[in-house]
Structures are given as structure tokens and as C-alpha cells.
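Asker: Sequence and predicted model, in that order:
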Amino acid sequence: FRRVLFRSKLPHDDDAERHILGVVFVDASRFAEIASLEPRDFYNSRHRSVYLAMHELAERGEEINPMTVRQICADDISVMEMVGWATGLPLEYPVEPSINILRDKRVKRDAIAKAHRIIQNAQDDIKSGDEILTEAVNNFQDIKSVVDHRPTVSLSEAFDSSIERWDKMLSGGIVAIETGIPKLDEQLTGGGFEKGMFHVIGARPGAGKSSLGLDISAHNAFQSKVCVFFTLELSRDVLMDRLLAPLAGVERRRISPKYMTEDIKHRLVRTREVVERYPLYINAKAKTANDMRIALKQVARDNSGVVDLVIVDFLQRMSGKGSRYESTTQNATELAELASEFNCAVIGLSQFSRESTKRDEGRPTLTDFRDSGAIEELGRTIFGMWVGGDVQKGRNVHIVCLKQGEGRAEWDETLFFDTRYVTFGPRQDLTK
């Protein structure tokens, strides 16, 4: 592989490189049109040297022409050769197509180099397979960020994109992610959580945030939306028991060695016929945003590139570096990037600081997130939960909208939490 890699010329286009530089020699004022290129976009080292010389002259505010470039160019390139690049080029020669060619060739060269490094690491047999795969994903994600980069666009171009998005709204191609609780969805802008954005549900332990996250996942999966629940707190088995209890009409406490019967097992097994048809995925292994990215790519491949909803339970359990504040901020930032990358709603469940328990009502505020990173800045929609009093067959749980990107905030509702079936939603017995 090494012999083949270095014997063959890597992807490049000498003509496109010369045309871009020649345009500047025709009209030096057009250097601004190519200034966003990186030196490594030029494969030919001579062309790269000329481009660097142009940059230096532009920074000095000096004239750019073959003579001035020749004086500071690192490579031995004659004035006549550079004049030849400009010869025959029309004054209004478009550079954008040539710029796109250079960037496309550079992406291919980067991909080849990174693939070679991955193969070399695997052949060296020093790193573990998981380490090599993680490094591969990170490396190719870096390349993808270059491809996905969009330059500044005009209002006309932005309008075209907006019209396309509005058409999708009309056709049902863009939908909000509902909570499944009507009195919450009615007050959320668009009728639910916006896709492509990061949202937060915060509470103290025991308030029911995991149950609410699971209810939201199940509600959307049952509408054929692709949902992924990352659990960093509860085991997969506990999560399955919580999910299936209300669907099987079995009280959660009875799914235990003490109370298990053949009838209970039969009712639980019967739910499989229904739930396995729906695209709800559970992951109890991912600890970092990158782990989650790898898992989401697999889910997307299995579902025609679609992921609609991601729940992370909970943010403070994710692995990270630095202080708790720094780690949570970094993780929340990366989850926001995942929401944009996969065009899905990402809901991060988060724990409040203890300050919320010192107030009489326990009603949360945005300041309760202060010890949990810059969540209050990153969240598009932020809910806070706190426990009310016990009622028959359950308890009241209060929820307040602390922030809504484009809508009214500081509204609150009281939800009934059924402690028997551990759910906020109506019990749906699928066994009948």
C-alpha cells in the first residue's frame, strides 16, 4: 500500500491552481476572492509559494504583480512564467469553480493520508482496535467539517434555502419533536422541541427526569420517529423494565424476583410484538460525545440516514476533562454539534445544583445550572422540574419552561406522575 501511495500522484489540478493565481495577476483587487484558500489547498509547491507571497504582499498593503511576487517568492519562478498564467484569461474570469476544484482535491488527498495512517496503525498492532476506530472517526470527522463548511451567503441565497425549508414544513418533511404531553406541546414553539437544536431538562435526583425522557422517546418512536436513548445512569435492563411496565399493564415494582409470575412474564413478552416494530434504540455503553457520534452513524445507516431524537441521561455522567464545569460545558457543546450534524433534537437530562433545594418551593431557576457548565447558554429550550405533593396513585411534578429560543418562557404546568407504572403519560396496555 505504501509503495502504491507514494508511487502514484495524489489528486490535484495544475490548471485550476494556475488559473486562480493568474486571475490575481490580471486584476490584483481580486485577491480577496481567493484569500480564504489555505496554502495546502495548492498541491504544486511552486504554486503554493506564489500564493504565500501574494498573501504576504496583501498583508503589507503592497502591490501584487509578477515582479513583486518574484522578489519574495521562496521558489525560483520566473516573471515570464507567472505572466504566462495570466495570459488569455478574461478580466471577469470566474474563480469559484476553480476554488471548488482545489478544495475537492485537497479533501481527497487528506482522506488518502488519513486512511494510510489508519492502516499503518493497524499493521503496527500497538493500539487497540477500539482506539484505532475512534481515531479513524475523529480524523474523518475533521475532513467532513471542511466539506460541510458553508461560506457567507447573500440574502438571495439564504432565501432559496428558506423556501426549500418552508416547503418541507408544508409537506410534513420537517416536524417538531413532541413531548407527548399536550399541555406542554401546546406552549412550545412549533408544537415541540426543534430539530437540529440542543435542549435541556433539569431536575434534582428523584424528580422523574429519566422517566420523562423515556416517555418522550417512546411517544416519538411510536410515531415512527427514529429515537436513540443514551443511558449513563440506569442499566439497559432497568430501562427496559421502565419502558415496558406501562405498556404491559404491569406495576414497575412487580418486575422483580419477589413478585415475578408467569402471567407477568407473559404480559411483558407480549409487548415485543408491538414495540420491536418501532425505531427506538438504547445505548448503555457510550460515555463521550464521540462514542455517541459513532453509535448515531450506525443508527442513521440503518434508517436511511435519519435520526430524529436523541436523549442523553444524564450530562454530568459523561466522560470529560478538566473541572466538572469545564467537562459539562464541553460535552454540552459537542451534543449541540451532534444535533446540528444529524439534524435531530438532542435533549440532555441534567442535574441541578443543591441551591434549588434551599428555596421554599424548590422551584428551579436558570442559575441552578451554574455548576453544570454553560448549559443555560447552549440550550435552545430548557425545562426545570421539581416534585410537588403526593396524590392518589402517584405524585404531582411541576415543570417550568425556563428558556425558549423563540417563544414565551417562564410558564409552568403540573404533571401527574404515576408512581405505579413510573410514567407521566397515560398507561397504554398493549397486551389487550
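Answerer: Right, received. Where do you want to start? Bear in mind that the values here come from a model prediction, so they are computed numbers and not experimental data.
Asker: Which parts of this structure are strands?
Answerer: 198-203, 227-231, 280-283, 309-313, 345-351, 381-391, 394-404, 412-418 (DSSP state E).
Asker: Please tabulate those in TSV, including the columns distance to residue 244.
Answerer: Backbone N, C-alpha and C define where each C-beta goes, glycine included. Compiled in TSV, these are given as follows (distance: least, C-beta to C-beta, whole Å):
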stretch	distance to residue 244
strand 198-203	22
strand 227-231	14
strand 280-283	11
strand 309-313	17
strand 345-351	20
strand 381-391	23
strand 394-404	19
strand 412-418	15
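Asker: among those strands, where is the model least confident on average?
Answerer: Lowest mean pLDDT of these: strand 381-391, a mean of 86.
Asker: which other residues reach that strand?
Answerer: Strand 381-391 is contacted from outside by 188, 193-194, 197, 199-204, 206-209, 212, 352, 356, 361-366, 368-369, 375-376, 395-405, 414, 416, using C-beta atoms under 8 Å, 6 or more residues apart in numbering.
Asker: residues in contact with residue 250?
Answerer: Shown in contact with residue 250 (C-beta under 8 Å, 6+ apart): 244, 264, 267, 268, 421.
Asker: What about the residue nearest to residue 204 when sequence neighbours are not counted, how many residues nearby?
Answerer: What sits nearest to residue 204 in space, not counting adjacent residues and going by C-beta to C-beta, 6 or more residues apart in numbering, is residue 352, at 5.2 Å. Residue 352 has 25 neighbouring residues, counting by other C-beta atoms under 10 Å.
Asker: same deal with residue 285?
Answerer: Count around residue 285 with other C-beta under 10 Å applied: 11.
Asker: So for it, what's the nearest residue that isn't a sequence neighbour?
Answerer: That would be residue 291: by C-beta to C-beta, 6+ apart, it lies 7.1 Å from residue 285.
Asker: The one you found contacts residue 298, correct?
Answerer: No. Applying C-beta atoms under 8 Å as the test, residue 291 and residue 298 come out as separate, 11.4 Å apart.
Asker: Out of these two, name the residue with the larger neighbour count.
Answerer: Legend: neighbour count by other C-beta under 10 Å for residue 291 and residue 298, higher for residue 291 (18 against 12).
Asker: coming back round to it: so which of the contacts of residue 250 wins on neighbours?
Answerer: residue 421 (25 neighbours).
Asker: List the residues that contact the spatially closest residue to residue 108 that is not a sequence neighbour.
Answerer: Distances taken as C-beta to C-beta, 6+ apart place residue 11 nearest to residue 108, at 4.3 Å, with adjacent residues excluded. Applying C-beta under 8 Å, 6+ apart to residue 11 gives the contacts 43, 105, 108, 109, 112.
Asker: Name only those of these that count as buried.
Answerer: The neighbour count (16 or more other C-beta atoms under 10 Å) marks 43, 105, 109 as buried among those.
Asker: got a list of what the last one touches?
Answerer: The neighbourhood of residue 109, defined by C-beta under 8 Å, 6+ apart, consists of 10, 11, 12, 43.
Asker: C-alpha coordinates for stretch 106-120, CSV please?
Answerer: Presented in CSV, the C-alpha positions along stretch 106-120 are these (Å, rounded to 0.1, in the frame of the first residue of the first chain):
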residue,chain,number,x,y,z
ARG,A,106,-7.4,18.6,-1.1
VAL,A,107,-10.2,16.7,0.7
LYS,A,108,-9.3,13.6,-1.4
ARG,A,109,-5.6,14.0,-0.5
ASP,A,110,-6.5,14.3,3.2
ALA,A,111,-8.7,11.2,3.0
ILE,A,112,-5.9,9.2,1.4
ALA,A,113,-3.3,10.4,4.0
LYS,A,114,-5.6,9.6,7.0
ALA,A,115,-6.6,6.2,5.5
HIS,A,116,-2.9,5.4,5.2
ARG,A,117,-2.3,6.4,8.8
ILE,A,118,-5.1,4.2,10.0
ILE,A,119,-3.8,1.2,8.0
GLN,A,120,-0.3,1.8,9.4
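Asker: burial count for the closest residue to residue 284 other than its chain neighbours?
Answerer: In this structure, residue 284 finds its nearest non-sequential neighbour in residue 236, 4.4 Å apart by C-beta to C-beta, 6+ apart. Per other C-beta under 10 Å, the neighbour tally for residue 236 reads 13.
Asker: From residue 100, how far out is residue 236?
Answerer: As for residue 236, its distance to residue 100 is 46 Å (criterion: C-beta to C-beta, to the nearest Å).
Asker: And residue 408, by the same measure?
Answerer: Taking C-beta to C-beta, one finds residue 408 at 44 Å from residue 100.
Asker: what's the answer for residue 277, then?
Answerer: In terms of C-beta to C-beta, residue 277 sits 44 Å off from residue 100.
Asker: Now tabulate the buried ones among the contacts of residue 11 in CSV and tack on pLDDT.
Answerer: Below are these laid out as CSV (pLDDT from 0 to 100):
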residue, pLDDT
43, 93
105, 92
109, 89
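Asker: So which of these belong to helices?
Answerer: 105, 109 (DSSP state H).
Asker: Throw the buried ones among the contacts of residue 11 into JSON lines and include distance to residue 19, thanks.
Answerer: Shown next, in JSON lines, are these (distance: C-beta to C-beta, whole Å):
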{"residue": "43", "distance to residue 19": "14"}
{"residue": "105", "distance to residue 19": "14"}
{"residue": "109", "distance to residue 19": "19"}
